[in-house]
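Engineer: build me a structure from this.
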Amino acid sequence: MKGLLVSAPASGTGKTTVMLGLLRALSDEGLVVQPFKSGPDYIDPAFHRAACGRASFNLDSWAMGEGLLDAIAGEAAGADICVAEGSMGLYDGVAFPGALGHGSSAETAARMGWPVVLVIDVSGQAQSAAATALGFRAYRPDLPFAGVILNRVASPRHERLARLGMEAAGMKVLGVLPRRGDLKLPERHLGLVQAVEHPDLDRAIADYAAFLRENVDLGAIKAAADGGLKTHPTGLRLTPPAQRIALAQDAAFSFAYPHLVEGWRKAGAEILPFSPLADQAPPEADLVWLPGGYPELHAGVLAGAERFRTGLRAHAAVKPVHGECGGYMALGEALIDKDGVRHRMAGLLGLVTSYEKRKMHLGYRRAELVAGMPGHGAGAVLRGHEFHYSTILEQPDEVLARVTDAEGAAVPETGSVRGTVSGTFFHLIAEDAR
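Structural biologist: Numbers count the residues shown, from 1 in each chain. Take a look at the predicted model:
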């Protein structure tokens, strides 16, 4: 279980570029690299997989209990090294602990015993960057630190000054990345543009890897890898919500957490992918599951997808359907896009949502089910994460759950249920472990 965690003082410092370049560079050396993502991100894991050819999984100390974390960590079996990407800043989390903690990347690193590689954007400073690094190391003295990578360095003089500061602070410099405007992944309102939409992702990742090989001490990074997990995972097997699961998968519906899908599959469930955007009806299955994604970007196509809508309704007449966030909106009556155009959705729920006036909804969610949903009966307590910019205009159906945020405040996005059809705005991560 030797590995490293790539983190930063804040978002926007370039840690994703470093992560992808590192995954590819290590893979190019012949190492089997197991990627992970700390926290509730459902976009980055697809980029990780593209970089090293191995499925990436989330590790989340707020939403997951010890058993699930150990089982997910067990997916590293056969790998030579683990590389995890942090979320936001290294110590950023919620105010109150969840299953194991506050959900910070530091908690993931500490539990796994993975030293931190801190990526610091030194734009606009030089020796002062060392004070930032020193503060991050001192904030939690028990957290292992591998060293720092200085990013966006403007000149050789800038590098010399920044290195002087790090030497004075006793911080090991693992690499120095010159400023380059072309090394940036395209973004959208929920984060990166999805991996499947990138026009030439493999070429971009190869460029990142070449950039890291030129400017980072890969030998020192490999030597710094360590691990302290002493448990013996039994394997990732999660009780599936059905035996045969028709899973929507395309550019509009792609935000399915990898640990859930893989856990269902390893427990014996059959996962049957299909594409609503290609106007495919769901295949014959016991359950149709519509994950989140970007239905608002494809609302016109979905509105005209008659085979998909007819097949979905036929399934819902006798068997369950569940939608998460974007999938939930697609199950509703209508979706209004950013230009105010109303698009007909599946009509299996009365939900009407709008992007005309964007409002961000972001954070962990704890949900106590009032009614059952596939895989979980009434009374079950679930943990998940919500991130979208839509507004509910109508929600006439029965409430699915009592939902609170990580601080215990009630959240109005309760999800809803009508007959065999249910939906939530949060993406399920795990059943409550406490």
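Engineer: before we move on, what SS does the residue in the chain sticking out farthest from the centre have?
Structural biologist: The outermost residue of the chain relative to its centre, with distances by Cα atoms, centre = their mean, is residue 157 at 37.8 Å. Secondary structure for residue 157, judged by DSSP: H, G, I helix; E, B strand; the rest coil, is helix.
Engineer: mind giving me the domain split of this protein?
Structural biologist: When the chain is parsed with automatic domain parsing, its domains come out as 3-224, 244-431.
Engineer: can you give me the helices in the stretch 101-250 of the chain?
Structural biologist: 105-112, 128-139, 156-169, 201-215, 218-224 (DSSP state H, counting those that start in this stretch).
Engineer: packing partners for the shortest one?
Structural biologist: Right, helix 218-224. In terms of contacts (3 or more Cβ pairs under 8 Å, 6 or more residues apart in numbering; DSSP states H and E), helix 218-224 is packed against helix 15-28, strand 145-153, strand 173-178. Quick note: C-beta positions are derived from backbone N, CA and C, even for glycine.
Engineer: and for the longest one?
Structural biologist: Helices and strands touching helix 201-215, by 3+ Cβ pairs under 8 Å, 6+ apart, are helix 15-28, helix 44-52, strand 173-178.
Engineer: identify the residues contacting the last one?
Structural biologist: What that stands for is strand 173-178. Here strand 173-178 makes contact (Cβ atoms under 8 Å, 6 or more residues apart in numbering) with 14, 18, 117, 146-154, 159, 162-163, 166, 211-212, 215-217, 220-221, 224.
Engineer: now find how far off-centre it is within its chain.
Structural biologist: In this view, strand 173-178 has its centroid 27 Å away from the chain centroid, taken as Cα atoms, centre = their mean, to the nearest Å.
Engineer: just the CA trace of it, in CSV.
Structural biologist: The C-alpha trace of strand 173-178 is given here as CSV (Å, rounded to 0.1, in the frame of the first residue of the first chain):
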residue,chain,number,x,y,z
VAL,A,173,11.9,20.6,-3.4
LEU,A,174,10.8,17.7,-5.6
GLY,A,175,10.3,19.7,-8.8
VAL,A,176,10.0,23.1,-10.3
LEU,A,177,7.5,23.7,-13.1
PRO,A,178,8.0,26.7,-15.4
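Engineer: so that strand versus helix 201-215, what angle?
Structural biologist: 120 degrees (axes from the mean of the first three to the mean of the last three Cα atoms, to 10 degrees).
Engineer: starting at the chain centroid, how far to stretch 86-98?
Structural biologist: That offset, for stretch 86-98, works out to 14 Å (Cα atoms, centre = their mean).
Engineer: in it, what counts as buried?
Structural biologist: Buried residues in stretch 86-98, defined by neighbour count with 16 or more other Cβ atoms under 10 Å: 86, 87, 88, 89, 90, 91, 92, 93, 94, 98.
Engineer: measure the first one to residue 93 for me?
Structural biologist: Translated: residue 86. 11 Å (Cβ to Cβ, to the nearest Å).
Engineer: make a markdown table out of the helices of the stretch 101-250 of the chain and add mean pLDDT and distance to residue 328.
Structural biologist: Output for those, formatted as a markdown table (pLDDT from 0 to 100; distance: least, Cβ to Cβ, whole Å):
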| stretch | mean pLDDT | distance to residue 328 |
| --- | --- | --- |
| helix 105-112 | 97 | 29 |
| helix 128-139 | 98 | 38 |
| helix 156-169 | 98 | 47 |
| helix 201-215 | 96 | 28 |
| helix 218-224 | 98 | 41 |
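Engineer: so can I have CSV of those helices showing distance to residue 287?
Structural biologist: Shown next, in CSV, are these (distance: least, Cβ to Cβ, whole Å):
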stretch, distance to residue 287
helix 105-112, 31
helix 128-139, 45
helix 156-169, 53
helix 201-215, 31
helix 218-224, 43
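Engineer: which of those helices sits closest to residue 185?
Structural biologist: Nearest of the helices of the stretch 101-250 of the chain to residue 185, taken as Cβ to Cβ: helix 201-215 at 7.3 Å.
Engineer: next, the angle from the closest one to helix 44-52.
Structural biologist: Using the same axes, to 10 degrees: helix 201-215 against helix 44-52 is 70 degrees.
Engineer: run through who's touching helix 201-215.
Structural biologist: 17-18, 20-25, 28, 47, 50-51, 175-178, 180, 183, 185, 195, 198, 218.
Engineer: pull out the buried members of those.
Structural biologist: Judged by 16+ other Cβ under 10 Å, buried ones among the contacts of helix 201-215: 17-18, 20-25, 47, 50-51, 175-178, 183, 185, 195, 198, 218.
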